[in-house]
Every structure is written in C-alpha cells, then in structure tokens.
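> fold the stuff below for me.
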Amino acid sequence: MHFEQIHGDYQISTDPARLDVDSIHAFLSRSYWAEQIPQATVRAAIDGSLCFGVYREREQVGFARIITDYATFAYLCDVYIEPAHRNYGLSKLLVGAIQKHPRLQDLKRWCLVTRDAHGLYEQFGFRRDECGGWMEIVDLEIYKRALPRS
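Predicted coordinates:
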C-alpha cells in the first residue's frame, strides 16, 4: 500500500510506478550534490530506497529519497522541488509527509546533509551535528569519471 497526501493541486505519493526517472535524473544531474550523476546510478538509488514524489496532476515537480532499515535509522537525501513550483510550501509539505510515513515511525536516528537548507530542516527537529561524530568518505569526482555500472 502506498502512502499518499494531497495538498490543493499537489499530491505526494510513494508509488514507485509514478516516479519519472528521466525528470529526477535531469534535476539531480544539475544539482550541487549529484552533478553529472549517471541515470543508471539514479535508477539503482531509487530501486534501493523509499521514494516520495511530488506531483501536480501527472507532472512530477519534486522528489525525496529515504535510505532506511525501517527500524532504527533513516537518511533523507535528494530532496528537491522544481523551481517553477517553489514558494508554495511544498518542501515543508514533503518533509512533513516523510516524517508521517507509517513505516518511518519510532526511528532512533534521522540524518541528512545539506549545504543551504538548514532552516527548512530545523523546522522539523533536525539539528546541526555539534559533537563532531559524523564521519564520511566522499568522492566528489566519481560521476565525472563516469564509471560503468553493472
């Protein structure tokens, strides 16, 4: 059963059949966090995640992806609203819908990484990491090298 929420002319849905992978890839490949990402990588990421699409009628105008074990942890990523549909509160609606999803309740830890949207996420209880416990390995050139995917 898919999670859905309606807000005026817009709908949020977790139905994977509605996702427009071409549209998602077009946006992500121009984003600062996934510039030049191959479409096969986007497809693999979608297939391994809980995805939320934002729609106006049949057009996909936003997206978010959750990487989770559904028991203890969720990582929120690839969140966007197309520029022509911003300033309607859709990003707030999207993050709120994600936090209401029945399978994402009672998680111990939610995390995300953002360069410029701290104010949005702070409204939903996210706080900046002050303890320095976040660790990572990042290869910022991986998509530019266009490694083949099997």
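> which residues in this protein form helices?
Remark: helices assigned in the chain by DSSP state H are 21-28, 39-47, 90-100, 118-122.
> what's the neighbour count on Glu57?
8 (other Cβ atoms under 10 Å). For the C-beta atoms, the positions are set from N, CA and C on the backbone; glycine is no exception.
> isn't it right up against Asp9?
Yes: between Glu57 and Asp9 a contact is recorded at 7.5 Å, counting by Cβ atoms under 8 Å.
> still on that earlier bit, relative to Met1, which of the helices of the chain is closest?
helix 90-100 (14.5 Å; Cβ to Cβ).
> list the buried residues of that closest one.
Leu90, Ser91, Leu93, Leu94, Val95, Ala97, Ile98 (16 or more other Cβ atoms under 10 Å).
> quick one: list the elements packing against that helix.
strand 4-7, strand 10-13, strand 50-56, strand 59-68, strand 73-81, helix 118-122 (3 or more Cβ pairs under 8 Å, 6 or more residues apart in numbering; DSSP states H and E).
> show me what the second one pairs with in its sheet, parallel or antiparallel.
On the basis of DSSP bridges, the sheet neighbours of strand 10-13 come out as strand 4-7 (antiparallel), strand 50-56 (antiparallel).
> so of these, which one's packed in deepest?
strand 50-56 (a mean of 21; mean count of other Cβ atoms under 10 Å).
> how about exporting it as PDB, limited to the C-alpha atoms?
Provided in PDB are the C-alpha atoms of strand 50-56 (Å, rounded to 0.1, in the frame of the first residue of the first chain):
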ATOM      1  CA  LEU A  50      11.800   4.600  -0.200                       C
ATOM      2  CA  CYS A  51      11.000   7.400  -2.600                       C
ATOM      3  CA  PHE A  52       8.500  10.300  -2.300                       C
ATOM      4  CA  GLY A  53       7.300  12.000  -5.500                       C
ATOM      5  CA  VAL A  54       5.500  15.400  -5.500                       C
ATOM      6  CA  TYR A  55       3.100  15.700  -8.400                       C
ATOM      7  CA  ARG A  56       0.800  18.400  -9.900                       C
END
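> now do that strand, average pLDDT.
Confidence over strand 50-56 (mean pLDDT, whole number) is 98.
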